[in-house]
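**Q** Coordinates for the following, if possible.
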Amino acid sequence: MPINTTLTTEYFDDVYARKDDPWDFETSEYEKNKYADTVAALSKESYETGFEIGCSIGVLTSMLATKVKKLLAVDVSDVALDKARKRLSENGNVEFRKMSVPAELPDQKFDLIIVSEVGYYLSKEDLLKMRKEIVQHLNNGASLLLVHWLPVVHDYPLTGDQVHEAFYDLTRDNPQLKIVTSSRKEKYRLDLFEKI
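**A** Here you go, the predicted model:
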């Protein structure tokens, strides 16, 4: 049964202490295909500004950096951020910061926000806070891309479907977002929204 509180920085420090690439982002065929689908889902050839929440060791970040002129990538783990910085040391258009969303957020708006494989680490309360903040940090007409693993993980507070459905709620009644594209594979879900 999932837990009810947001996973802590210490949780991720422990995960990275056990393995440099705990989710096999660098070597997994599943991750490679998912990342290709993620980048292909972006509705524009390029974006002026982007915000990646939960960049981990920077594998997806390196692909996003080719599509975003100025990309801010954040994570709660210093270990992950150190690896990401090394991976993208030649990319002058990417800035890395240690940041815990939704408690901390940058003081700017973006043309693209990416929430990939991180929403289910939050409690329902924190997810709803993050959802509100994300909408406020999107420029009008900006894109929001969500990608999440679907199977239940016993120590994650939420499932991928719960994360995506929380954002789908913002497309109904008094809509703040509209859905641009949606894709569901065997183990992950991808939804691209646009701020109205």
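**Q** Could you list the low-pLDDT ranges of the protein?
**A** 1-3 (pLDDT under 70).
**Q** any chance you could map the helices in it?
**A** Counting by DSSP state H, residue ranges of the helices within the chain are 9-18, 29-41, 59-64, 78-87, 124-136, 160-168.
**Q** which strand is the longest one in this protein?
**A** Criterion DSSP state E: the longest strand present in the chain is strand 138-149.
**Q** Tell me the strands beside it, with direction?
**A** Strand 138-149 has the following strand partners under DSSP bridges: strand 110-116 (parallel), strand 188-195 (antiparallel).
**Q** burial count for the nearest residue in space to Ser77 that is not next to it in sequence?
**A** Using C-beta to C-beta, 6 or more residues apart in numbering and skipping the chain neighbours, the partner closest in space to Ser77 is Phe12 (4.4 Å). The C-beta positions use only the backbone N, C-alpha and C, and glycine is treated the same way. By other C-beta atoms under 10 Å, 20 other residues sit near Phe12.
**Q** again, but for Thr5
**A** Other residues within reach of Thr5, judged by other C-beta under 10 Å, total 10.
**Q** and what of the one 5 residues further on?
**A** The number of residues packed near Glu10 is 10, by other C-beta under 10 Å.
**Q** With that, I have no additional questions.
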